[in-house]
Structure formats: C-alpha cells, structure tokens
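Student: With the sequence up front, the predicted model follows.
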Amino acid sequence: MSGIAGLLGKHHFSHEVKGWHEVKAIPLPPPIYGGYLIDAGGVRLHVPIGYVGSIFPNGRDVVLAAVRGNSPPEMYDQEKAREGIMRFWFQNETMSSMGPERMRAWMGQRFTEKSFRLASEQARSLAGQDGVCSEYSIQYGGEVTYGTRLGIACTFGKDENATFEGTPPSAADFYQVVESAQPLKGKN
C-alpha cells in the first residue's frame, strides 16, 4: 500500500476527548479497506472501493470514510471528487428512544448549525427497514471538490440511523451503501 492507504494501515484513527485538565485519546479499531462486506449490529454493509471503514468495539457502530490513494488507477478522476464520511448506528437504545422524526431532526442540527439548508426528504430503506433521509446542502465558492457539500441524516425502522457529510459523488456512494445493506439472520 502507498500514500494515505499505507499510512492508515499503520496508524489508526483516534478521537480526542477533552476534559478540564487532560486530553485522552480513545483508540478506534483498525481500519478495514473497501471493496467487500462488513457485518455490524445485525446488518451487512458493502464498503465501496476507495473507502476505509471501522467497526466500533460495541460491534454496532460503523464509520466509512473516503480515502484518496485507496482506489485503482482507473478511478483517479472519480476519486478527486470523492470526499465524505458515513456513520451508521445500529441497535442503539438511546437513539431509538427519541423516535425517528426527533432523531433525524437532532442529527440534522449539526448541518443547520453550519449553514446547510434542508434540500429534500427522501424515502429510503436499509436492510429491510423503511425510513427517511433528510438531505441538506451548502455551496462553497463553486470549486469542484469543495463546491457543493451535502449533509444527510437518516432513520430506518426503530433502531437504525445513519449520517453522511461530503461531496455529491460520495453522497451517491452513501445511498448505494444504504440501499444495498442486508439484514443478517438472527438479528434482534
């Protein structure tokens, strides 16, 4: 592996938690590279080529991120326009207790606080669970890579949630991951 993909193979993402007097890094699990299936929270997701994914220690939360330099050479032009991060939460009792409409509105606040505007709401399904995705957009200076940014907040059934933030080509990848997700046998 080379470039960012090589670096990610050696170093893991981490999330900093800032307290009053300390910064504590919480290590995330090792990344999983695109082009195959991963299982989490009773759902099977397809990780697209050009993305890296992590399943959190609880086995129910997943993050997929577009990573430049992690695609075959024939995808170079497409890769330049792909930038985004997808987050999935499955079987999360705290989020489920809010109800789908309230949960989607709460997830969408992170976009409206950054001046994104609600553009549409679409019916979608994830792993056999019907749901709704609220799509937000903002335009930054008309540049190709950073021009249009989309934010998406989705709820499915009673306990499946997803968000996305990035460019339109990566949003198309997000919807493909959502629509191709499959329930695993024995899901609670």
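Tutor: Okay, I see it.
Student: So which residues of the chain form helices?
Tutor: Under the criterion DSSP state H, the chain carries helices at the ranges 3-10, 76-81, 93-96, 100-112, 168-180.
Student: tell me the contacts of Gly131?
Tutor: Taking C-beta atoms under 8 Å, 6 or more residues apart in numbering as the definition of contact, the neighbours of Gly131 are Pro100, Ala123, Arg124, Ser125, Cys154, Thr155, Phe156, Gly157, Glu160. (C-beta placed from N, C-alpha, C; glycine too.)
Student: Give me the buried subset of these.
Tutor: Listed as buried from those are Pro100, Arg124, Cys154, Thr155, Phe156, Gly157, Glu160; burial here means 16 or more other C-beta atoms under 10 Å.
Student: Which ones among those lie within strands?
Tutor: Among these, the members falling in strands (DSSP state E) are Arg124, Cys154, Thr155, Phe156, Glu160.
Student: count of neighbours near Val52?
Tutor: The burial count assigned to Val52 is 21, neighbours taken as other C-beta atoms under 10 Å.
Student: Show me what it bridges to in the sheet.
Tutor: Bridge pairing for Val52 (DSSP bridges) gives the partners Tyr33, Ala65.
Student: Just confirm it contacts Val62, I think it does.
Tutor: No - the criterion here is C-beta atoms under 8 Å, and Val52 misses it with Val62 at 11.4 Å.
Student: and Phe164, what is it in contact with?
Tutor: When contacts are counted by C-beta under 8 Å, 6+ apart, Phe164 is found next to Gly84, Ile85, Met86, Arg87, Leu150, Gly151, Ile152, Ser170, Ala171, Phe174.
Student: again, but for Asn161
Tutor: Applying C-beta under 8 Å, 6+ apart, we find Asn161 in contact with Phe88, Trp89, Asn92, Met95, Met103, Met107, Cys154, Thr155.
Student: try 6 Å
Tutor: Neighbour list for Asn161: Trp89, Met95, Thr155 [criterion: C-beta atoms under 6 Å, 6 or more residues apart in numbering].
Student: pLDDT value on it, please?
Tutor: pLDDT, Asn161: 94.
Student: what residue lies at the spatial centre of this structure?
Tutor: When the chain is reduced to its mean C-alpha position, the closest residue under C-alpha atoms, centre = their mean turns out to be Met86, at 0.8 Å.
Student: What is the neighbour count of the nearest residue to that one once chain neighbours are set aside?
Tutor: For Met86, ignoring the flanking residues on the chain, the nearest one in space by C-beta to C-beta, 6 or more residues apart in numbering is Leu64 at 4.3 Å. For Leu64, the number of neighbouring residues by other C-beta under 10 Å comes to 28.
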